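Peer 1: Give me coordinates for this.
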Amino acid sequence: MLSFPSQESTFLFPGTVGDIEVLTAVPEHHQPIASVIICHPHPLYGGTMQNKVVSTLARAFQNLSLRTVRFNFRGVGRSVGTHDEGRGEVADVIVLAQWLQALFPHDALWLAGFSFGGFVAASAATQLSIARLVSVAPQVSRFLSPKLPAVTCPWLIIQGEQDEIVSPEEVYAWVETLQPKPQLIRLPGAGHFFHGQLLELRQRLEMALTSK
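Peer 2: Numbering: from 1, shown residues only. Coordinates of the predicted model:
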């Protein structure tokens, strides 16, 4: 079994249909208290694990003493395969989660995702034992058809109020239908990619996750 690198590393991980390109990191000054897998936005529209929002999430989680795992979806970077509308991407999250749970059986596992990655992470969360889920500007249309099973772990959703790709109103209305209800943070003035507001995104995320 592959060990978890002691410093930031990029490597190929054996996935269900071939290699997955993975980027891992550990907290700089603290012993890790949990692990988190972070899913990137839609690969057919330029989404990669190096996306600035995904990188911001990784930095926030490392500041909160989590080891982080980012990976490129199928067909992105050095990851083998082709885009699978979320099905194969969820399967790859589950493979990575099983790896982390085998390495760190006593540590909590979190999932997080941005945009399309929010859908992938939430879908995987319904199939795994997850301690916390974080979704940023989740692609709501994918949650509604077919309807996502209930997510039972604590769930934080962050949505920019000026999102030009994911309708904020649709996200807010969808959140009201969920049970148990996630914690929702609205960022005034923020567009889909949080241009000029990545620092605020990180700070609000860290504050929300340390206030509980």
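
Peer 1: which regions of the chain sit below the pLDDT cut-off?
Peer 2: Across the chain, the ranges flagged by pLDDT under 70 are 144-145, 212.

Peer 1: Run through the strands of it in chain order.
Peer 2: Secondary structure of the chain (DSSP state E): strands at 9-14, 19-25, 34-39, 66-71, 108-114, 132-136, 155-160, 183-187.

Peer 1: which of the residues in stretch 168-187 are buried?
Peer 2: For stretch 168-187, the buried set under the neighbour-count rule, 16 or more other C-beta atoms under 10 Å, comprises Pro168, Glu170, Val171, Trp174, Val175, Pro182, Leu184, Ile185, Leu187. No exception for glycine: its C-beta is placed from N, CA and C like everyone else's.

Peer 1: and which of these is nearest to Leu109?
Peer 2: Distance ranking of the buried residues of stretch 168-187 against Leu109, using C-beta to C-beta, places Pro182 first at 18.0 Å.

Peer 1: give me every residue that touches the spatially closest residue to the closest one that is not a sequence neighbour.
Peer 2: Nearest in space to Pro182, with sequence neighbours left out and distances taken as C-beta to C-beta, 6 or more residues apart in numbering, is Trp155 at 3.7 Å. Counting by C-beta atoms under 8 Å, 6 or more residues apart in numbering, Trp155 touches Ala122, Arg132, Leu133, Val134, Ser135, Leu178, Pro180, Pro182, Gln183.

Peer 1: what pairs with the fourth one across the strands?
Peer 2: It stands for Val134. In this entry, Val134 is beta-bridged to Ala112, Leu156, by DSSP bridges.

Peer 1: quick one, what contacts it?
Peer 2: With C-beta under 8 Å, 6+ apart, Val134 has these contacts: 36, 57, 110-113, 121, 155-158, 205, 209.

Peer 1: Scan the protein for its longest helix.
Peer 2: Ranked by number of residues, the top helix in the chain under DSSP state H is helix 87-103.

Peer 1: Between strand 66-71 and that one, find me the angle.
Peer 2: Relative orientation of helix 87-103 and strand 66-71, computed by axes from the mean of the first three to the mean of the last three C-alpha atoms, to 10 degrees: 150 degrees.

Peer 1: I'd like the numbering to begin with 7 instead of 1 from here.
Peer 2: That works, and once the first residue is 7, the last one we named lands at helix 93-109.

Peer 1: Tell me which other helices or strands helix 93-109 touches.
Peer 2: The contact analysis (3 or more C-beta pairs under 8 Å, 6 or more residues apart in numbering; DSSP states H and E) places helix 93-109 against strand 15-20, strand 25-31, strand 40-45, strand 72-77, strand 114-120, helix 122-131.

Peer 1: Just the buried residues of the contacts of Val140.
Peer 2: The neighbour count (16+ other C-beta under 10 Å) marks 42, 63, 116-119, 127, 161-164, 211, 215 as buried among those.
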